[in-house]
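Student: What follows is a protein structure lacking sequence information:
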């Protein structure tokens, strides 16, 4: 999510291969060279696919001779194209085998960041490797299980929000999804990127015992009930 | 949705065959013989399929010699089996042709009602024709685009709610979905069934100009914002 102060990233950490096979993996990957660039990648979809894409991006970055290194990207537009290229490389490798088992290559990503001398930018990349950039009209992206948590974002988002308020909004949104869908699970990874800082800001992993998360999760249920009671009842019953 | 007072039914009225082909159809069908039985059927899925199923049920009901008439069902369990049978009859007729165009037979229904001498019961019927019945733990069903509107139901539902409060809850839930998904559209059809009345209760079609709907829709955005502000901000930003 983009706000005036910068960008804020949040991801859950549950992966599953069926209800009887769930596991915990961080879905937030950060490429940082402090003072020069920060790029944050959030992933969704089949874990084998997203991990392979991230490994490929990391390996290309480690090779000083590789033209496709994220460290050499001059702009965030170049960077998002490199992510897209890596996705298509992995899709070319794995796609046919997946299809033979009636599976689809379904990795998708959110990429946000800033490279020195350019503006911060935020992209969503589809499984096909094409992508869109956020705008003033739609200043946030969600991937994965997006529906339960969207209504509160649509209503409460304000670009002038502080990081403290934005983090609250993301907690409330994730909490709605967590309460409705078993494929989304704690802990959450949260990160702030302060515009023009060119370095990772505050970062935290938020688990079930986090006192602030508990306050929001319990408090939101009560706040919603109070909000609901504040509206007039249907008049004709 | 089941509450202590009885049952309340709500449906939107938008159907679509792609974004460029939307239309308005009532998705609530009532079979009533006042004093004897009320059965309410809410439908979701391909319109050709749901209409054919409802026509078949109506035609079987009109034929005094037909054993598969909803008017002859002794219990709501018998009734839900008759709906299921009609679904499978239509699926047998249309399924192969749909499959040839990579479409699936996807009709699903909610059936609620009461037959004199029995308790009111509420069922959800899957496209395959199998079905589940609501319980104290899960006293409501949704079909179609269910996700956006579910979190508020999960949190605000209370079986002791009056019809006036229950109608408010359904308005708020539908409003969240209406604001997020173009495949759901006004007007809404709303109906109350008072337990043991054996007749249709209050029924209303609610369009964009309905003053109560406007109050809820506008008021809910503000109430949500107030609720959101009432929670403490993230403390570490």
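Tutor: Noted; the coordinates are in hand. Here the structure is a predicted model, which is why all the values come from computation and not from measurement. Residues are numbered from 1 along each chain as shown, chains lettered A, B, ... in the order given.
Student: Look up the residues forming beta bridges with the residue nearest the centre of chain A.
Tutor: Centre of chain A computed as the mean C-alpha position; nearest residue by CA atoms, centre = their mean is residue A:42, 4.1 Å away. Beta-bridge partners of residue A:42, counted by DSSP bridges, are residue A:28, residue A:110.
Student: And for residue A:87, nearest residue in space, chain neighbours not counted?
Tutor: residue A:129 (4.7 Å; CB to CB, 6 or more residues apart in numbering or on different chains). To be clear about C-beta, it is placed using only N, CA and C from the backbone, and glycine gets the same treatment.
Student: distance of the residue nearest to the centre of chain A from residue A:109?
Tutor: Here the criterion is CB to CB, to the nearest Å. By it, residue A:42 lies 7 Å from residue A:109.
Student: Give me the common contacts of these two.
Tutor: Applying CB atoms under 8 Å, 6 or more residues apart in numbering or on different chains, one finds that residue A:42 and residue A:109 are jointly contacted by residue A:143.
Student: still on that earlier bit, Three-state assignment for the residue nearest to residue A:87, please.
Tutor: coil (DSSP: H, G, I helix; E, B strand; the rest coil).
Student: Buried residues, the longest helix anywhere in chain A. List them.
Tutor: Ranked by residue count and defined by DSSP state H, the top helix of chain A is helix A:76-100. For helix A:76-100, the neighbour count (16 or more other CB atoms under 10 Å in any protein chain shown) marks A:76, A:79-87, A:89-91, A:94, A:98 as buried.
Student: quick check, nearest of the residues you listed to chain B?
Tutor: residue A:98 (18.8 Å; CB to the nearest CB).
Student: got a list of what that closest one touches?
Tutor: Counting by CB under 8 Å, 6+ apart, residue A:98 touches A:46, A:104-105.
Student: any idea how far it is from residue A:51?
Tutor: 14 Å.
Student: quick one, phi psi at residue A:203?
Tutor: As for residue A:203, its main-chain torsions (degrees, to the nearest 10) stand at phi -140, psi 140.
Student: what's near enough to touch it?
Tutor: Contacts of residue A:203 were listed using CB under 8 Å, 6+ apart, and they are A:189-192.
Student: Highest neighbour count among these?
Tutor: Among the contacts of residue A:203, the one with the most neighbours (other CB atoms under 10 Å in any protein chain shown) is residue A:190, at 26 neighbours.
Student: for it, helix, strand, or coil?
Tutor: Per three-state DSSP, the local secondary structure of residue A:190 is strand.
Student: In this structure it contacts residue A:13, no?
Tutor: No - between residue A:190 and residue A:13 there is no contact, the gap being 11.3 Å when judged by CB atoms under 8 Å.
Student: which ones are touching residue A:208?
Tutor: Residue A:208 makes contacts with A:186-187, as judged by CB under 8 Å, 6+ apart.
Student: ok, now how distant is it from chain B?
Tutor: Residue A:208 sits at a distance of 17 Å from chain B (criterion: CB to the nearest CB, to the nearest Å).
Student: And that residue, what's its pLDDT?
Tutor: Per-residue pLDDT puts residue A:208 at 91.
Student: and what of residue A:137?
Tutor: Residue A:137 carries a pLDDT value of 87.
Student: need the helices for chain A, in chain order.
Tutor: Secondary structure of chain A (DSSP H): helices at A:47-62, A:76-100, A:150-156, A:163-180, A:211-230.
Student: For the fourth one, name the packing helices and strands.
Tutor: Same thing as helix A:163-180. Judged by 3 or more CB pairs under 8 Å, 6 or more residues apart in numbering or on different chains; DSSP states H and E, the packing partners of helix A:163-180 are strand A:6-11, helix A:150-156, strand A:188-194, helix A:211-230, helix B:150-156, helix B:211-230.
Student: quick one: buried residues of it?
Tutor: For helix A:163-180, a neighbour-count test (16+ other CB under 10 Å) marks A:163, A:165-180 as buried.
Student: for chain A, what are the low-confidence residue spans?
Tutor: Scanning chain A for pLDDT under 70 picks out no residues.
Student: give the contact list for the residue nearest to residue A:87.
Tutor: Going by CB under 8 Å, 6+ apart, residue A:129 touches A:84-85, A:87-88, A:91.
Student: Then residue A:191?
Tutor: Contacts of residue A:191 (CB under 8 Å, 6+ apart): A:8-10, A:28, A:30, A:40, A:200-204.
Student: Quick check: it vs residue A:159, distance?
Tutor: Distance of residue A:191 to residue A:159, computed by CB to CB: 19 Å.
Student: Residue A:114 now?
Tutor: Distance of residue A:114 to residue A:159, given as CB to CB: 17 Å.
Student: Same question for residue A:31.
Tutor: Residue A:31 is 25 Å from residue A:159, where distance means CB to CB.
Student: These two: which is more packed in?
Tutor: Neighbours were counted for residue A:31 and for residue A:159 using other CB under 10 Å; residue A:31 has more, 20 against 12.
Student: who touches the more buried one in this structure?
Tutor: Contacts here follow CB under 8 Å, 6+ apart; on that basis residue A:31 touches A:37-41, A:57, A:61, A:70-71, A:113.
Student: cool, and residue A:225?
Tutor: Residues near residue A:225 by CB under 8 Å, 6+ apart: B:155-156.
Student: distance between stretch A:133-147 and the chain's centre?
Tutor: 9 Å (CA atoms, centre = their mean, to the nearest Å).
Student: whoops, I mixed them up, stretch A:87-98
Tutor: Here the centre of stretch A:87-98 is set off from its chain's centre by 23 Å, with CA atoms, centre = their mean.
Student: just stretch A:99-109 next, same as before
Tutor: From the chain centre to the centre of stretch A:99-109 is a distance of 20 Å (CA atoms, centre = their mean).
Student: That stretch: end-to-end distance?
Tutor: One end of stretch A:99-109 sits 21 Å from the other (CA to CA, to the nearest Å).
Student: thought residue A:150 was touching residue A:172?
Tutor: No - using CB under 8 Å, residue A:150 is not in contact with residue A:172; the gap is 11.7 Å.
Student: What are the buried residues along stretch A:11-20?
Tutor: By 16+ other CB under 10 Å, the buried positions in stretch A:11-20 come out as A:11-15.
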